[in-house]
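A.B. asks: For reference, the sequence and a predicted model appear below.
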Amino acid sequence: MKVLIAEDETIIRLDLRGILERHEFTVCAEARDGLEAVELARSTQPDAAILDVRMPHLDGIEAARRIYAERPIPIVMLTAFRDRPTVEKAVAAGAFGYLLKPFREGDVAPALLAAAARHRELLAARRSIGRIEVRPRS
Amino acid sequence: MRVLIAEDETLIRLDLKGMLESAGLEVCAEARDGVEAVELAESASPDVAVLDVKMPRLDGIEAARRILDGRPMPIVIVSAFTEQSLVRRAAEAGVYGYLAKPFREEDLLPAIATAQARFDQLAAVREQVDTLAEALAARKAIERAKGLLMESQKLTEQEAFVRLRRASQSSGRPMRVIAEAIIETIG
């Protein structure tokens, strides 16, 4: 699975990359802010994304919204905030998972795998709507 | 929000319960093994379930699968074990979240909120699928019944349709039911 990571703090980004690679994920792109995340999602076509909420230029929640609008992929949000409004905003933006900093290695892969599986389910259900709607009139 | 928790270790179960309650959630059922979790998921009508993996009689992942088969709800797994094979099995079974133990309250609550939101989203899409499939089946039946009426009664399409609609109105039954009855008798 190709994963895009977006995190402005270099140490955390490297840490995340290491964890993902140890768990057989490919990190296809690393963004340092939300705008870069949107661009890299477009150019590298990841299967999933982990986005930090607080980033320069464009925050992770808005980046998630834009990435998802262009091409739906499972998105896991990463944040140091545990406050309800932030969680609610992330959930409303369509986040499939939530990792709290400092995150633990054991939480990263499970969050991504569960998010990817549930997102596949959602896409399959949406596709079946498409199939019903495009069926020609008899 | 009503939560079912399943955890065989009493101390962790109490801890989990305390965390959920202090966040304003209601723990409506406590299971000590997977079998109990499946039963309580049915009888206590929780909105969401938090399940441990390693439990006696039935593990949390298999319990999740059975719960989702019977009465689907968002499920979050908590486990001291996070091997890929276990996590993949859980993901395939249909869980929405998977947290490593010892978990923190601040991990648990967003996981539950996310699980709930995505579960609702999927349920809404599936409901739409059902509605559309139903509408499509109705349309097919009506078209077929119309054709049969046109042929057997020598009617125009419009006349056949009017007859179907009238039968539906006077009987108070949906057009689809009338159409299916016609297909049954003269089809």
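C.D. replies: Yes, it's here.

A.B. asks: what sits against residue 19?
C.D. replies: Using chain A here. Neighbouring residues of A:Ile19 by CB atoms under 8 Å, 6 or more residues apart in numbering or on different chains: A:105, A:108-109. In short, each C-beta sits where N, CA and C put it, glycine included.

A.B. asks: nope, chain B
C.D. replies: Residues near B:Met19 by CB under 8 Å, 6+ apart: B:105, B:108.

A.B. asks: now swap in the one 10 residues further on and tell me
C.D. replies: With contacts taken as CB under 8 Å, 6+ apart, B:Ala29 has the following neighbours: B:4-5, B:40-41, B:43-44, B:46.

A.B. asks: rerun at 6 Å
C.D. replies: B:4, B:40, B:44 (CB atoms under 6 Å, 6 or more residues apart in numbering or on different chains).

A.B. asks: What separation do you get for it and B:Arg2?
C.D. replies: For B:Ala29, the distance to B:Arg2 (CB to CB, to the nearest Å) stands at 8 Å.

A.B. asks: Give me the secondary structure label for A:Phe81.
C.D. replies: coil (DSSP: H, G, I helix; E, B strand; the rest coil).

A.B. asks: ok, and the closest non-adjacent residue to it?
C.D. replies: Excluding the flanking residues, the one nearest A:Phe81 by CB to CB, 6 or more residues apart in numbering or on different chains is A:Val53, at 6.6 Å.

A.B. asks: any idea how far B:Arg32 is from the one you found?
C.D. replies: To B:Arg32, A:Val53 is 37 Å away according to CB to CB.

A.B. asks: Tell me which of the two has more neighbours.
C.D. replies: Neighbour totals were compared for A:Val53 and B:Arg32, and A:Val53 leads with 25 against 18 (other CB atoms under 10 Å in any protein chain shown).

A.B. asks: That one contacts A:Ala64, correct?
C.D. replies: No - with contact defined as CB atoms under 6 Å, A:Val53 does not reach A:Ala64; the gap is 9.0 Å.

A.B. asks: who touches the helix or strand of chain A with the lowest mean pLDDT?
C.D. replies: Sorting the helices and strands of chain A by mean pLDDT, DSSP states H and E puts helix A:84-92 at the bottom, at a mean of 86. Contact partners of helix A:84-92, identified using CB under 6 Å, 6+ apart, comprise A:61, A:77, B:110, B:113-114, B:117.

A.B. asks: Mind putting those residues into CSV with distance to B:Thr10?
C.D. replies: CSV is the format used below for the contacts of helix A:84-92 (distance: CB to CB, whole Å):
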residue, distance to B:Thr10
A:Ile61, 39
A:Met77, 33
B:Pro110, 26
B:Ala113, 27
B:Thr114, 28
B:Ala117, 31
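
A.B. asks: Helices - which of those residues land there?
C.D. replies: A:61, B:110, B:113-114, B:117 (DSSP state H).

A.B. asks: now, among the residues you listed, which is nearest to B:Arg166?
C.D. replies: Using CB to CB, B:Ala117 is the member of those that lies nearest B:Arg166, at 46.3 Å.

A.B. asks: any idea what sits nearest the closest one, other than its immediate chain neighbours?
C.D. replies: Leaving out its chain neighbours, B:Ala117 is closest to A:Val91 (CB to CB, 6+ apart), at 4.4 Å.

A.B. asks: Show me which helix runs longest in chain A.
C.D. replies: Assignment by DSSP H; longest helix in chain A turns out to be helix A:105-134.

A.B. asks: Report all helices and strands that it contacts.
C.D. replies: In terms of contacts (3 or more CB pairs under 6 Å, 6 or more residues apart in numbering or on different chains; DSSP states H and E), helix A:105-134 is packed against strand A:75-79, strand A:97-100, helix B:84-93, strand B:97-100, helix B:105-153.

A.B. asks: Now that helix: buried residues?
C.D. replies: Using 16 or more other CB atoms under 10 Å in any protein chain shown as the test for burial, helix A:105-134 gives A:106-119, A:122, A:125, A:128-129, A:132.
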